[in-house]
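Visitor: Here's a sequence, model it:
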Amino acid sequence: MNIIRQFKALFQPRLSDKDILRQLERSMYGVNYEVKFGIDYLGNCEDMEGFKTALRKVYPNSHPEKTSPISISLDDLWSEINYGFDYRGNNAAGLLLNKKQERAIKKIQNSYKELVGTFVTKNASIYSYPVNKEFPATLYFGISGLLS
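Guide: Numbering: from 1, shown residues only. Next up is the predicted model:
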């Protein structure tokens with residue numbers, strides 16, 4: 001990396017979490033294709049019951065007692081995220097990007113991955129949370145993950 005790029009990297013302002021999500025949504029909008037992102041901070045839940053209690057406070061209509069989160073590996077989490085980011089759809093629905101747009105979208109996707117990475121410690125437990133109508137996710141594709 002040359003000196004100028006190192007200097008720029010040091011002084012680039014960090015995007016807020018909301019800015020990252022907003023830019024992702026804007027950049028991943030296409031023909032019959034739209035994504036929504038959200039991150040909810042539920043605090044440090046000591047166990048699954050603590051998580052369920054915190055989830056009900058944020059989403060009162062949720063029924064976490066009817067769902068069993070599935071333990072997944074860190075590799076599984078990144079695979080799910082990358083699959084959603086790399087999906088481009090088809091001629092009927094999807095993202096039609098030129099090379100410049102593709103580079104820009106990869107940059108903001110990397111910001112999102114860095115954001116998620118701040119919550120993944122070596123002691124983190126990662127769960128996949130099944131998508132249902134009480135818990136926000138997309139209609140066709142959803143990543144609902146839990147980190148503890």
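
Visitor: which other helices and strands contact the biggest helix by length in the chain?
Guide: Ranked by residue count and defined by DSSP state H, the top helix of the chain is helix 99-117. Other helices and strands packing on helix 99-117, by 3 or more Cβ pairs under 8 Å, 6 or more residues apart in numbering; DSSP states H and E, are helix 17-27, helix 74-86. No exception for glycine: its C-beta is placed from N, CA and C like everyone else's.

Visitor: Show the subsequent helix or strand relative to that helix.
Guide: strand 126-128 (DSSP states H and E).

Visitor: Sheet partners, orientation included, of that following strand?
Guide: Here strand 126-128 is paired, per DSSP bridges, with strand 70-71 (antiparallel), strand 145-147 (antiparallel).

Visitor: Distance from stretch 100-116 to the middle of the chain?
Guide: Centroid separation between stretch 100-116 and its chain, computed with Cα atoms, centre = their mean, to the nearest Å, is 11 Å.

Visitor: what are the C-alpha coordinates of that stretch, in PDB please?
Guide: C-alpha atoms of stretch 100-116 as PDB (Å, rounded to 0.1, in the frame of the first residue of the first chain):
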ATOM      1  CA  LYS A 100     -17.900   1.200 -11.000                       C
ATOM      2  CA  GLN A 101     -21.100   0.400  -9.200                       C
ATOM      3  CA  GLU A 102     -19.900  -3.100  -8.300                       C
ATOM      4  CA  ARG A 103     -16.700  -1.600  -6.700                       C
ATOM      5  CA  ALA A 104     -18.800   0.900  -4.800                       C
ATOM      6  CA  ILE A 105     -21.200  -1.800  -3.500                       C
ATOM      7  CA  LYS A 106     -18.300  -4.100  -2.400                       C
ATOM      8  CA  LYS A 107     -16.800  -1.200  -0.400                       C
ATOM      9  CA  ILE A 108     -20.000  -0.600   1.500                       C
ATOM     10  CA  GLN A 109     -20.600  -4.300   1.900                       C
ATOM     11  CA  ASN A 110     -17.100  -4.500   3.500                       C
ATOM     12  CA  SER A 111     -18.100  -1.800   5.900                       C
ATOM     13  CA  TYR A 112     -21.100  -3.900   6.900                       C
ATOM     14  CA  LYS A 113     -18.800  -6.900   7.400                       C
ATOM     15  CA  GLU A 114     -16.500  -4.900   9.600                       C
ATOM     16  CA  LEU A 115     -19.500  -3.800  11.600                       C
ATOM     17  CA  VAL A 116     -20.600  -7.300  12.100                       C
END
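
Visitor: Perfect, that will be all.
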